[in-house]
Structures are given as C-alpha cells and as structure tokens.
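K.L.:
Could you work out the structure for the sequence below:
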Amino acid sequence: MNGGPSLAAIRASAFVSHGETRIDGAAEGPLAGLTFAAKDLFDVAGTRSGWGNPDRLAEAPVSATSASALLPALAAGATLVGKTHTDELASGLFGENPHYGAPINPRAPDRVPGGSSSGSAAAVAAGLCDFAFGTDTGGSVRVPASFCGLYGIRTSHGRVSVAGVMPMAPSIDTVGWFARDAALLRRVGEAFFGPARSGTPRLMLAEDAFEVALPTLGAALLDAAQGLGRAARVTLYEEGPAHWLDTFRPLQLGELWASHGTWAMRPGRRLSPAVRDRMAQAAAVTPGEIATAWRARERLSARIRALLGEDGVLVIPTAHDLPPLRDAPVAAQMAFRDRTLALTCVASLCRLPQVNIPAGTLDDVPIGLSLIAAPYRDAELLAAAETLALEPHHKN
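P.N.:
Have a look, this model is predicted:
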C-alpha cells in the first residue's frame, strides 16, 4: 500500500454506510476467528438492502432475517462485519456506481475493481475481511476476482440458496465468494458442500477461448495455463462466440425486466443513465427471442456437459483484457462487456461452477484464469483449484 490509497479510504469505498453491522459466528467451528462481508444484495438482519440504488434504500424495510446463504458461514464460526457496495441493481461488470462511486481496487488503484460484487472483492483484496460473498449472473464474482487478484467461485446454479438475495435473472443467478488464497476458498465451500478429496483433474484447454482475449493477455494466460499440467486441447465455441452472446442476452435481459421492470420504470425513479438504458433494452426483448434463446441454451448446455463428463475441468481466460481505467468512456465499457461476456456466459448459460485463480500480473495488473467443472461438482472444483494454484507469473 506504500504510496497508494489508505486502508481507511479503501474501507470507505468498499463498505456501505447503511450496512454497518456485526453478527458473531458460532463460538466454535472450522471458520472460527475469520471475518466476512456480504454484498448489498443479501438481506442481513437489522439492516436495509439498498441494491446500489438510493430509492431502493429509502423504500427497503429493515430485514428481520439474514439471507440463507450467509448462515452456513455463521454456523461454521465466521463473523459478519458489514455489507459491501454493488453496481446498481447488479447491472455492471466494472464496479462503478454513479450514486456511490466505485470501490478502490487495492491491486490496481487506477483501474476499476470489477462488478457487480465490487465492494466484496475490494474488501478481501485489501485484507479488510478474510472472505466475502457476492452474486454472479454474468460474471459478477469471476470478473472482480480476476481484476483484484483473488480466488473467486461462481457456484453451480441452484446449489446455494438465493433466498433473501435480490434476484436479477433467476435462471442464471448464483451465489459466490472471494478469498485471497485457494485453501480458504475451499474451506468456505466445505461449509456448504462438505469435504472433497483432492486429486489431479482431467484438464481441457479451450484454445479458441484464449483467442477471445486480446493477443498480449491471451498469450500470457495461455502460458500460465500450460503451467497447470497436461491438458487435452478442445474447441469451446463450435457455434462461434456470437451465438453464445445471442443466447445469453435475451435471457438475462428478459429476466431483468421481469424482476425489476415495474419498479425501475416508476415515474421519477432515480436510475443512472446506464441502468435506465439497460432497462429500455430489457423492455424491448420479445417472448419469441426468449423462447429461441431457451432452446439454444439447452443445446449448448448438453454439448458442454458431455465434453466435461464427471471429472473434466475446462481452462479458459476469465476476462478478455486488463481491467479498464476508472471513468473509462461508456463506449469502451460496452465493447469490453461484450468480449468478456463471451467468456463468462459459458458457465452462466450451462449452470456450471467456475473458479477464478490468479495467474500473476501483466503490466503490474492482476490477470486470472478460470476453471469450469460439471454441474454440482463444486467441491471437487474447489479442491482442484487448490491443487492447481499457480505461483505468481509477472509479465511486463
């Protein structure tokens, strides 16, 4: 942190002021003595859930209970120490919220932390808590984990309860968490899934996925991926990346509109221009487009699940480029979103678990590789991530 932002500044940027709370975990347990935070989409008893929007915060009731996903960590002995910032309505990959600002990326302060679980990633990267919960629909744990040099998991869809968590696109939404090391990421997982035996996974390197990344980053990540061990070379995008995006967009947007359209379009509602535009796009999605996307999703899922089998682990880049600079133009952000969504939508559409593992740095900025496993193989994937945790690679 020498010469960089102070811990006090990072704390103020990462944690929401309306979520100042502490819930002590059980006196004994495998996570006793550890602290964690939760994204401001999770209900926490005694606080309001603002969802990154001031109108929602003003209207929200005080929660009587905490989200179900937080309870295993508390029962295992960890202590909740606060709630963290999110992109407005979880609608972003960058962490920039016009209402509250952007959390500071402790590993690259001139760049965005990634979103929408931005505050949780910043808090863990700065050492303000041991681990933190986020949500992941289109990459909202995986991308911040990559940008902030963390381990992060998107769990299999339906594996961890989303009761008490703001819905965005319910057929895609998942709970995930961040940690600074693979061992702790796995220990948190054991509170949900129980232990899994460590073993050498059957790796598959999706070479065409590395071509989605910009050349310098793709080459650096491919080099890191080859350091994981022997891997079969496979093709991920038989239909082309554009087909995957064309399948993902109407499903996510259609469900966003169904979840929040009525609330968001109320006259006088305070929405950022980007989220208002996103809602307009969501309103324009037709039932026919959604039906077509559902059928395409099932075909894609069947092919990828057959490729993975029971023990396969697919290796791909987490993001296609380094994190954008803070306050980058909206046009640049939109271009970034599409390229990175082509990578993240694979697990999202196919309901698969995915873990980001830090792969060192490029130009002193963190970069990440992702491991994807078959559905409900979350515990085995966490064990594989710990086995495969990379030594730092630095490229300049």
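K.L.:
what about the strands in this structure?
P.N.:
For the chain, the strands defined by DSSP state E occupy 35-39, 79-84, 131-136, 151-154, 174-179, 202-206, 231-234, 312-317, 354-362, 365-373, 394-395.
K.L.:
The second one - contacts with which helices or strands?
P.N.:
By that I understand strand 79-84. Where contact means 3 or more Cβ pairs under 8 Å, 6 or more residues apart in numbering; DSSP states H and E, strand 79-84 is packed against strand 35-39, helix 118-125. The way it works is simple: take the backbone N, C-alpha and C, and place the C-beta from them, glycine included.
K.L.:
before we move on, the earlier item: wait, which of the strands of the chain is closest to T21?
P.N.:
Relative to T21, the nearest member of the strands of the chain by Cβ to Cβ is strand 79-84, separated by 6.4 Å.
K.L.:
where's that closest one relative to the chain centroid, distance-wise?
P.N.:
Mean C-alpha position of strand 79-84 versus that of the full chain (Cα atoms, centre = their mean, to the nearest Å) differs by 18 Å.
K.L.:
Now do it against strand 35-39: the angle between them, please.
P.N.:
Put simply, strand 79-84 runs at 30 degrees to strand 35-39, going by axes from the mean of the first three to the mean of the last three Cα atoms, to 10 degrees.
K.L.:
E239 versus E211, what's the distance?
P.N.:
As defined by Cβ to Cβ, to the nearest Å, E211 lies at a distance of 15 Å from E239.
K.L.:
re the thing from before, adding distance to D24, mean pLDDT and mean neighbour count, write the helices and strands packed on strand 79-84 out as CSV.
P.N.:
CSV is the format used below for the helices and strands packed on strand 79-84 (distance: least, Cβ to Cβ, whole Å; pLDDT from 0 to 100; neighbours: other Cβ atoms under 10 Å):
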stretch, distance to D24, mean pLDDT, mean neighbour count
strand 35-39, 10, 98, 29
helix 118-125, 18, 98, 34
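K.L.:
Let's have these in a markdown table, adding distance to V365.
P.N.:
Formatted as a markdown table, the helices and strands packed on strand 79-84 follow (distance: least, Cβ to Cβ, whole Å):
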| stretch | distance to V365 |
| --- | --- |
| strand 35-39 | 23 |
| helix 118-125 | 13 |
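K.L.:
Out of the ones you listed, which is closest to L388?
P.N.:
That would be helix 118-125 among these, by Cβ to Cβ, at 20.1 Å.
K.L.:
sorry, back to before: wait, which of the strands of the chain is closest to A335?
P.N.:
Of these, nearest to A335 by Cβ to Cβ is strand 312-317, at 16.5 Å.
K.L.:
what about the helices in the stretch 151-300 of the chain?
P.N.:
Assigned by DSSP state H, counting those that start in this stretch, the helices in the stretch 151-300 of the chain fall at 182-193, 207-210, 215-226, 241-264, 273-283, 287-308.
K.L.:
what stretches of this structure score poorly on pLDDT?
P.N.:
Filtered on pLDDT under 70, the chain yields the residue ranges 1-2, 391-396.
K.L.:
closest to T292 out of the strands of the chain?
P.N.:
strand 174-179 (23.7 Å).
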